[in-house]
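J.: Fold the following, please.
(one chain, ligands or ions: 1)
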Amino acid sequence: MTRSGPAQAARPAASTDPGATPVVEVEDLTVRVRRGSAMLTLVEGLSYRLAPARAMAIVGESGAGKSIGIRAVLGLLDPRRFEVTGTVRFDGVDVAQLPKAKRRGFVTGVASLVFQDPTRSLNPTMRVGPQIAEAMLAGSGRPDEAAGEAPLSRAEARRRSVELIRDVGIAAPDERYFAYPHELSGGMRQRIVIAIALACRPKVIFCDEPTSSLDVTTQAAIMDLLDGLREAHSISNIVVTHDLALAASRAEQVLVMYGGQVVEALPARGLARTSRMPYTQALIRAVPDVGVPGRPPLPIEGSPPDPRDPPPGCAFAARCEHAQDDCGQDRPALVEVTDRHLVRCWHPRSAPQQPEVTP
Ligand SMILES: Nc1ncnc2c1ncn2[C@@H]1O[C@H](COP(=O)(O)OP(=O)(O)OP(=O)(O)O)[C@@H](O)[C@H]1O
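T.: Take a look at the predicted model:
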């Protein structure tokens, strides 16, 4: 690998379906936040694209920039505090080129976000059905007049909300329409949150740690639901998670983030055998029961870099057991090593020959 000076703009992780217009395309997205008189970089040069009906996972330790990255893509960061640069296209449309007044409505019509904790996403004082209907009226309530669509009536919104409750796998949807959030289990509440996310008929759902507040069986059921929606309705999903095993088993493409940057992007299948970046390999060793059977998971020593004091070279160098003298000098660029496999490392490792990562 030749040195190329400071990091070049990262190239997008390849879409898994090169012929289709990506539902999401992010190019060189950088997020900075104001802290006193300084601007701290939280995400740098984030690029990816996702084809319709595909699944991608974004993994990495806490503070890697996963959540800030998706909020920036969805236009949810307060412009008074955050400076966001780069390009975001949904369905081929560059959001920044739309009139400001139309951006929010356009994004809501294509993309939804599901948060980790369903109790915080739902209004505890309102029955769940009307919460879905309200989201529908606020979003799809804007009819496509050119296509001859009439405005959505309250009765129709209610009928469709009951259908959505059924679609997300809740029995007796007519009755559940009138339930308050506290009357439902954690898994059911997350299903209702997903129903709200579906209310505007999105083409992609971003999920920020969608299952971390749930027990293992319910986690699997919620992930099955997202898989089912992708298969039945071609809804793509991008799941942000700490859980590499979940990412490897449910996504097709995995982006590994560290210190605000993508450090490796690779196909999920066989990831434990193909990964070349020492950070990803360390994450794999941190998953229980991977490697020698019975071997305890190996935590990664040290802490991620502080955005207030970013290192000059590779962000992982200080924790990397394979770091060489030159790793701390310049930032490596994200470089393609094989098709759909990009690595940001001055000295990529050979594949670790570990067994498949499974939940
Ligand atoms: N509202 C905010 N204002 C300022 N800095 C923030 C804000 N939210 C997050 N950050 C900082 O941005 C960086 C990235 O945070 P982010 O929440 O995106 O990480 P993450 O990878 O999603 O971690 P986690 O898995 O814990 O959610 C961190 O250094 C964090 O301290």
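J.: does residue 72 really touch residue 83, like I thought?
T.: No: contact criterion C-beta atoms under 8 Å: residue 72 and residue 83 do not qualify, at 10.0 Å. All C-beta spots, glycine's among them, are computed from the backbone N, C-alpha and C.
J.: For the two, indicate the residue with more neighbours.
T.: Remark: of residue 72 and residue 83, residue 72 carries more neighbours, 24 against 14, as counted by other C-beta atoms under 10 Å.
J.: and the gap between the more buried one and residue 61?
T.: 19 Å (C-beta to C-beta, to the nearest Å).
J.: Residue 251 - nearest residue in space that isn't next to it in sequence?
T.: residue 57 (3.7 Å; C-beta to C-beta, 6 or more residues apart in numbering).
J.: so who does the one you found touch?
T.: Residues in contact with residue 57 (C-beta atoms under 8 Å, 6 or more residues apart in numbering) are 238-241, 246-248, 250-251, 253-255, 268.
J.: Closest to the ligand out of the residues you listed?
T.: residue 240 (6.4 Å; C-beta to the nearest ligand atom).
J.: So the residue nearest to residue 251 belongs to a strand, correct?
T.: Yes: applying DSSP: H, G, I helix; E, B strand; the rest coil, one finds residue 57 inside a strand.
J.: now the longest helix along the chain against strand 55-59, angle please.
T.: When the chain is parsed with DSSP state H, its longest helix is helix 216-233. Inter-element angle recorded for helix 216-233 and strand 55-59: 140 degrees (by axes from the mean of the first three to the mean of the last three C-alpha atoms, to 10 degrees).
J.: Now do helix 216-233: everything it contacts.
T.: Against helix 216-233 from outside (C-beta under 8 Å, 6+ apart): 53-55, 168-169, 185-187, 190-191, 194, 198, 205, 207, 210-211, 214, 235-237, 239, 246, 250, 359.
J.: Tell me, how many residues neighbour the closest residue to the ligand within the stretch 251-359 of the chain?
T.: Across the stretch 251-359 of the chain, no residue is closer to the ligand than residue 307, which sits at 4.8 Å (C-beta to the nearest ligand atom). The number of residues packed near residue 307 is 19, by other C-beta under 10 Å.
J.: before we move on, the earlier item: the contacts of helix 216-233, buried ones only, as a ChimeraX selection?
T.: Here is the ChimeraX command that picks out the buried ones among these, judged by 16 or more other C-beta atoms under 10 Å:
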select :53,54,55,168,169,186,187,190,191,194,198,205,207,210,211,214,235,236,237,239,246,250,359
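J.: tell me, what's touching residue 72 and residue 83 both at once?
T.: Common neighbours of residue 72 and residue 83 (C-beta under 8 Å, 6+ apart) are residue 31.
J.: Now intersect the contacts of helix 216-233 with the strands, please.
T.: Counting by DSSP state E, the part of the contacts of helix 216-233 found in strands is 55, 205, 207, 236, 237, 239.
J.: and these as TSV, adding pLDDT?
T.: As requested, the ones in strands among the contacts of helix 216-233 are exported to TSV (pLDDT from 0 to 100):
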residue	pLDDT
55	95
205	95
207	92
236	95
237	94
239	94
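J.: Take these and write them to CSV, including distance to the ligand.
T.: Converted to CSV, those look like this (distance: C-beta to the nearest ligand atom, whole Å):
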residue, distance to the ligand
55, 19
205, 17
207, 12
236, 20
237, 17
239, 12
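J.: Other residues contacting stretch 106-117?
T.: 23-24, 70-71, 74-76, 90-91, 93, 95, 98, 121, 138-140, 142, 190, 193-194, 196-198, 200-210, 212-213.
J.: Please narrow those to those residing in helices.
T.: Those of these lying in helices (DSSP H): 70, 71, 121, 138, 139, 190, 193, 194, 196, 197, 198.
J.: My guess is the last one contacts residue 163. True?
T.: Put plainly, it is residue 198. No: with contact defined as C-beta under 8 Å, residue 198 does not reach residue 163; the gap is 10.0 Å.
J.: Just confirm residue 284 contacts residue 276, I think it does.
T.: No: if you go by C-beta under 8 Å, residue 284 and residue 276 don't touch, sitting 11.7 Å apart.
J.: more neighbours, the two?
T.: For residue 284 versus residue 276, the count of surrounding residues by other C-beta under 10 Å is larger for residue 284: 23 against 20.
J.: Let's verify that one: helix, strand, or coil?
T.: Quick answer, by three-state DSSP: residue 284 is helix.
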